[in-house]
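Student: Turn this into a model:
(one chain, ligands or ions: 2)
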Amino acid sequence: MHRRIDIYDSTLRDGAQGEGISFSVLDKINIVKALDEIGVAFIEAGNPGSNPKDLEFFEEVKHLELKNAKLVAFGATRRRDIRPEEDANLQSLLIADTEHVAIFGKSWDFHVTEIINTTLEENLRMIQDTIRYMQEKGKKVVFDAEHFYDGYKNNREYALATVRAAAEMDVHSVVLCDTNGGTTPMEIYSITREVCEQLDVPVGIHCHDDSGTAVANSLLAVEAGAQQVQGTFVGFGERCGNANLAIIIGGLQLKKKFQCIPEENMELLTPTARLIAEIANIRLQDGMAFVGKNAFAHKGGMHIDGVNKASHSFEHIPPEAVGNERRFLMSEVSGRSTILKKINKIAPEIQKDSPETIAIINRLKELEHEGYQFEGAESTFELVIRKHLGKYKPFFELENFKIMNEKPAAGDQFSAYAMVKVRVEDAVKMTAAEGDGPVNALDKALREALEGFYPILSKVALTDYKVRVLDTKEATAAKVRVLITSSDGERSWTTVGVSTDIIEASLTALVDSIEIKLIRDIEEKMKYYL
Ligand SMILES: CC(=O)SCCNC(=O)CCNC(=O)[C@H](O)C(C)(C)COP(=O)(O)OP(=O)(O)OC[C@H]1O[C@@H](n2cnc3c(N)ncnc32)[C@H](O)[C@@H]1OP(=O)(O)O
Ligand SMILES: CC(=O)C(=O)O
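Tutor: Ligands and ions are numbered 1, 2, ... in the order given. From the prediction side, this is the model:
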């Protein structure tokens, strides 16, 4: 292992400056626990001078025992022309009662004279007075040199003077910020290297992603000598976001052998990223490196064939190393190896060259051509395989159904009614149900009709319903693809239907969903008796 890198997470401070992000005190506490568990060194947990919620949080968080991370409260240097003890924001920082505080100060001469409207000399005094005051109060100070790289490019001597002013005070670290996210990777490397050579205190890096290079910039800053990396765990933050720490940790620890978090916690990388996204109520991008749902999803037939022979043929690291998982996607670009894996779950005797394998691939391609997509709906594909192999017996027959829409809806509650007639062997049952729309009414009527025959269906609920119009030129006569996700509380599965009639497409997906549940039920029972 190379040197240790301090991971400094600002999800709760700079992350909270991202559009659409708002944490409750409990959300913040839960994120602190997750970050501590995975083993980041610092958690910049809020800006106590900004709002009462952050102050309340710092009061609450005192009761938490952290095993790895140190909490940091964040705020600006004192305002111009006043003493630190007169500055309300600095007083709030003290109330937060953390061992470390982060103080951001100006490093770009233009910001000093045009944004905070003071002199270059007063700004240097603001930096040193604030650090001294905090140190007198027993705090360890992280100094964030805001806009350092833009400042360096505009007035190198002055930018360096601001970080020297902080370093002379023997701060915990001086962090170089690419606040506007516009600095290129090689500029970051050479400027950071120069600063690291000049300062006697540890240097950190804080990048924003406005040029899409925040991760690359952070990695290069470490190569140039930075010892602390600031960012947010899944990358959200002001404007385009902050450097994504999950990706940085993956890159630094697995590829460059720096130690960012305890080695045994690397497998928490994906669960932690997903938990933080969940708490923040954002969707983690499927394509996110290391931790995204697609990071190890293989679609091309040749890739799948390669991965089955040797996983590193198309994977840069094993997914388990970061707690992620490999997925093989079913589609028209799948080869026989992928399809065979699915077929073998139902008929282990079938080989790659068996005529059944070829016939099922051809059927898959035909169906995709008609508008089906099985990537997210493998349950329907399982039924295609079963039907093709003769390993399928319908559980029921839908003899007929009728749907009525009503507008305005009676009592403003339901807008649609459905009647269905089903046959199970010689028994026939008719039911009617009302629903929030035709598909909801049909779903309810169908389940009600079948529950008498198959009580297990009472556990099934529809959890997601998506419609995609496939040929927009045809307007209302266009084909639609309906994806339905169902759950029985333990498992969820997705089925698909395609038709020019949205009701028919929904019905196909609904029937497949019910059949899959009944097949799983039989499989469970067989396992029990074997
Ligand atoms: C790059 C970064 O991400 S830095 C962090 C940015 N984060 C935030 O702004 C979120 C939290 N901020 C807030 O809640 C509020 O801005 C507060 C409570 C801190 C301050 O609110 P207000 O007193 O109403 O000031 P407002 O936000 O309008 O303006 C900022 C003030 O801070 C001053 N200021 C800005 N940076 C600094 C600094 N590094 N040192 C000292 N003063 C500063 C500005 O000069 C301005 O004061 P002025 O109006 O006297 O010129
Ligand atoms: C300090 C900070 O958040 C920045 O400069 O971007």
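Student: how about the longest helix along the chain: buried residues?
Tutor: Ordering each helix of the chain by length in residues (DSSP state H) puts helix 502-529 first. Buried positions in helix 502-529, judged by neighbour count with 16 or more other Cβ atoms under 10 Å: 502-503, 505-521. Quick note: C-beta positions are derived from backbone N, CA and C, even for glycine.
Student: Also stretch 276-288?
Tutor: Going by neighbour count (16+ other Cβ under 10 Å), the buried part of stretch 276-288 is 276-277, 279-280, 284, 288.
Student: Tell me who's in contact with the residue of the stretch 351-500 of the chain found nearest ligand 1.
Tutor: Per Cβ to the nearest ligand atom, the residue of the stretch 351-500 of the chain with the smallest distance to ligand 1 is D464, at 36.2 Å. Under the criterion of Cβ atoms under 8 Å, 6 or more residues apart in numbering, the neighbours of D464 are 483-485, 494.
Student: Any idea what it is bridged to?
Tutor: Beta-bridge pairing of D464, defined through DSSP bridges, involves T485.
Student: okay, it: pLDDT?
Tutor: Reading off the confidence values, D464 has pLDDT 86.
Student: before we move on, the earlier item: return a ChimeraX selection command for the buried portion of the contacts of D464.
Tutor: To isolate the buried members of those in ChimeraX, using 16+ other Cβ under 10 Å:
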select :483,484,485,494
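Student: ok, and of the contacts of D464, which contact ligand 1?
Tutor: The subset of the contacts of D464 within reach of ligand 1, by Cβ under 6 Å from any ligand atom, is empty.
Student: What distance do you get for S513 to L457?
Tutor: As defined by Cβ to Cβ, to the nearest Å, S513 lies at a distance of 10 Å from L457.
Student: before we move on, what about S22?
Tutor: According to Cβ to Cβ, S22 stands 40 Å off from L457.
Student: N405 now?
Tutor: Relative to L457, N405 is positioned 25 Å away (Cβ to Cβ).
Student: out of those two, which sits in the busier spot?
Tutor: The residue with more neighbours, out of N405 and L457, is L457; 21 against 11, by other Cβ atoms under 10 Å.
Student: So that one lies in a helix, does it not?
Tutor: Yes - looking at L457 with DSSP: H, G, I helix; E, B strand; the rest coil, it is inside a helix.
Student: Next up, the contacts around it.
Tutor: Residues counted as contacts of L457 (Cβ under 8 Å, 6+ apart) are 447, 450-451, 514, 517-518.
Student: Could you check how far it is from I516?
Tutor: Here the distance between L457 and I516 works out to 11 Å (Cβ to Cβ).
Student: How about the residue in the stretch 301-450 of the chain that ligand 1 sits nearest to, nearest residue that isn't a chain neighbour?
Tutor: Ranking the residues of the stretch 301-450 of the chain by distance to ligand 1 (Cβ to the nearest ligand atom) places V322 first, at 29.0 Å. If the residues on either side of it in the chain are set aside, V322 comes closest to L269, at 4.2 Å by Cβ to Cβ, 6 or more residues apart in numbering.
Student: Quick check: which element contains that neighbour?
Tutor: Per DSSP states H and E, L269 falls inside helix 269-280.
Student: list the helices and strands the following helix or strand past that helix packs on?
Tutor: Scanning forward in sequence from helix 269-280, with DSSP H and E defining helices and strands, the next element found is strand 297-298. Strand 297-298 is packed against strand 327-328, with contacts defined by 3 or more Cβ pairs under 8 Å, 6 or more residues apart in numbering; DSSP states H and E.
Student: Give the pairing partners of the strand it packs on; include direction for each.
Tutor: strand 297-298 (parallel).
Student: what does the strand it pairs with contact?
Tutor: Judged by Cβ under 8 Å, 6+ apart, the contacts made with strand 297-298 from elsewhere in the structure are 304, 307, 314, 326-329.
Student: and which of these is nearest N154?
Tutor: Within the contacts of strand 297-298, proximity to N154 (Cβ to Cβ) peaks at F314, which comes in at 45.5 Å.
Student: Tell me how many other residues crowd that closest one.
Tutor: The criterion is other Cβ under 10 Å. On that basis, F314 has 15 neighbouring residues.
Student: list the contacts for it?
Tutor: When contacts are counted by Cβ under 8 Å, 6+ apart, F314 touches 298, 303, 306-307.
Student: swap in S311?
Tutor: Counting by Cβ under 8 Å, 6+ apart, S311 touches 318, 326.
Student: at 7 Å instead, please
Tutor: S311 sits next to P318 when contact means Cβ atoms under 7 Å, 6 or more residues apart in numbering.
Student: Look up how far P319 lies from it.
Tutor: From S311 over to P319 (counting by Cβ to Cβ), the distance is 9 Å.
Student: swap in V201?
Tutor: Between V201 and P319 the distance is 39 Å, computed by Cβ to Cβ.
Student: can you tell me which residues contact the residue lying closest to R326 once chain neighbours are set aside?
Tutor: With Cβ to Cβ, 6+ apart as the measure, F296 is the residue that lies nearest to R326, at 4.5 Å, once sequence neighbours are left out. With contact taken as Cβ under 7 Å, 6+ apart, F296 is in contact with 315, 319, 324-327.
Student: Now list the buried members of these.
Tutor: Neighbour-count burial within the contacts of F296 applies to 315, 319, 324; the criterion is 16+ other Cβ under 10 Å.
Student: Please parse the chain into its domains.
Tutor: What automatic domain parsing lists as the domains of the chain is 6-280, 297-389, 396-453.
Student: looking at those, which is buried most?
Tutor: For those, average neighbour numbers computed from mean count of other Cβ atoms under 10 Å are highest in domain 6-280, which has a mean of 20.
Student: picking that back up, would TSV of the domains of the chain with mean pLDDT and distance to ligand 2 be doable?
Tutor: Formatted as TSV, the entries for the domains of the chain read as follows, by pLDDT from 0 to 100; distance: least, Cβ to the nearest ligand atom, whole Å:
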stretch	mean pLDDT	distance to ligand 2
domain 6-280	97	3
domain 297-389	92	27
domain 396-453	89	45
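Student: Adding distance to E490, write the ones you listed out as TSV.
Tutor: Converted to TSV, the domains of the chain look like this (distance: least, Cβ to Cβ, whole Å):
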stretch	distance to E490
domain 6-280	19
domain 297-389	15
domain 396-453	18
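Student: Those domains: which one's closest to G489?
Tutor: Shortest separation from G489 across the domains of the chain is recorded for domain 396-453, at 15.0 Å, computed as Cβ to Cβ.
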